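Visitor: give me coordinates for this.
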Amino acid sequence: ELKHLHRHVGTSFVHVTHDLEEAMMLADRICVMRAGKIVQLGEPSEIYYRPANAFVAGFIGDTNLLPAKVTREGDAFRFACDVLDCANPIIAADQVAPGVAAGADAALMIRPEMLRLLAPGESADCTITGTVNEFFIRGASIQYRIAAAGTEIVMDIPGTSTLPAKQGDPVKLGLALGDLFAVEA
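Guide: Residues are numbered from 1 along each chain as shown. Okay, here's the model as predicted:
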């Protein structure tokens, strides 16, 4: 109703909420605040996929933040991360938040819906090998919690009537390099 009213009236609204889905659905721009100060202001997709820092990444939704080191390599960044196995661990400069210093500790952000279960023999730009700790059927999606190299990985996949993996199963996850984003550790 609020979205319809906004389109119909054509005037600006300010809506204060802690509900992620509500903010993402209603907003043209989102302002994330912490301790009374603006941390990031931008379009919903920018805030979600290109957060200013780890606080924004975690505040705006479920995410995986993997410890990494990044080094500058020309116009790109090379990363090292114990959890990820990547044939060519290089990301573009626009996949690195402005506060990340080359040679410093960073965190690689991977949104849960960017991960997928790989079938035997299937490959991806980067992979994560682990074991299913638990899963939750959420109707339209299934959320998995996977233990990998001492880190818990959260993955959301589309719902299905047949579970692709159960608790205790070994799994291999895949993701595209373009889905990684580095923020300050």
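Visitor: strands of the chain, residue ranges please.
Guide: 30-34, 37-42, 64-73, 76-80, 85-86, 90-92, 105-110, 116-117, 126-137, 141-148, 151-158, 170-175, 181-184 (DSSP state E).
Visitor: send the alpha carbons of the first one over as CSV?
Guide: Once side chains and other backbone atoms are set aside, the C-alpha atoms of strand 30-34 remain, and they are given as CSV (Å, rounded to 0.1, in the frame of the first residue of the first chain):
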residue,chain,number,x,y,z
ILE,A,30,18.5,3.7,1.9
CYS,A,31,20.4,5.4,4.6
VAL,A,32,22.1,3.0,7.0
MET,A,33,23.0,4.7,10.3
ARG,A,34,25.1,3.6,13.3
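Visitor: burial measure for G121, as a count.
Guide: Residue neighbour count, defined by other Cβ atoms under 10 Å, stands at 5 for G121. Where you see a C-beta, it was placed from the backbone N, CA and C, and this is true even at glycine.
Visitor: per-residue pLDDT, it?
Guide: The model reports G121 with a pLDDT of 92.
Visitor: again, but for R7
Guide: The model's pLDDT for R7 equals 80.
Visitor: residues near it, how many?
Guide: If you count neighbours by other Cβ under 10 Å, R7 ends up with 8.
Visitor: from F13, how far off is it?
Guide: In this view, R7 and F13 are 11 Å apart by Cβ to Cβ, to the nearest Å.
Visitor: hang on, the earlier thing: and the strands of the chain as a markdown table, adding mean pLDDT and mean neighbour count?
Guide: Compiled in a markdown table, these are given as follows (pLDDT from 0 to 100; neighbours: other Cβ atoms under 10 Å):
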| stretch | mean pLDDT | mean neighbour count |
| --- | --- | --- |
| strand 30-34 | 92 | 16 |
| strand 37-42 | 95 | 14 |
| strand 64-73 | 95 | 18 |
| strand 76-80 | 95 | 18 |
| strand 85-86 | 97 | 16 |
| strand 90-92 | 96 | 16 |
| strand 105-110 | 96 | 22 |
| strand 116-117 | 97 | 18 |
| strand 126-137 | 97 | 17 |
| strand 141-148 | 97 | 19 |
| strand 151-158 | 97 | 17 |
| strand 170-175 | 98 | 18 |
| strand 181-184 | 96 | 21 |
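Visitor: dump those to a markdown table, plus distance to F55.
Guide: Formatted as a markdown table, these follow (distance: least, Cβ to Cβ, whole Å):
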| stretch | distance to F55 |
| --- | --- |
| strand 30-34 | 6 |
| strand 37-42 | 6 |
| strand 64-73 | 11 |
| strand 76-80 | 21 |
| strand 85-86 | 26 |
| strand 90-92 | 21 |
| strand 105-110 | 11 |
| strand 116-117 | 27 |
| strand 126-137 | 24 |
| strand 141-148 | 22 |
| strand 151-158 | 18 |
| strand 170-175 | 23 |
| strand 181-184 | 9 |
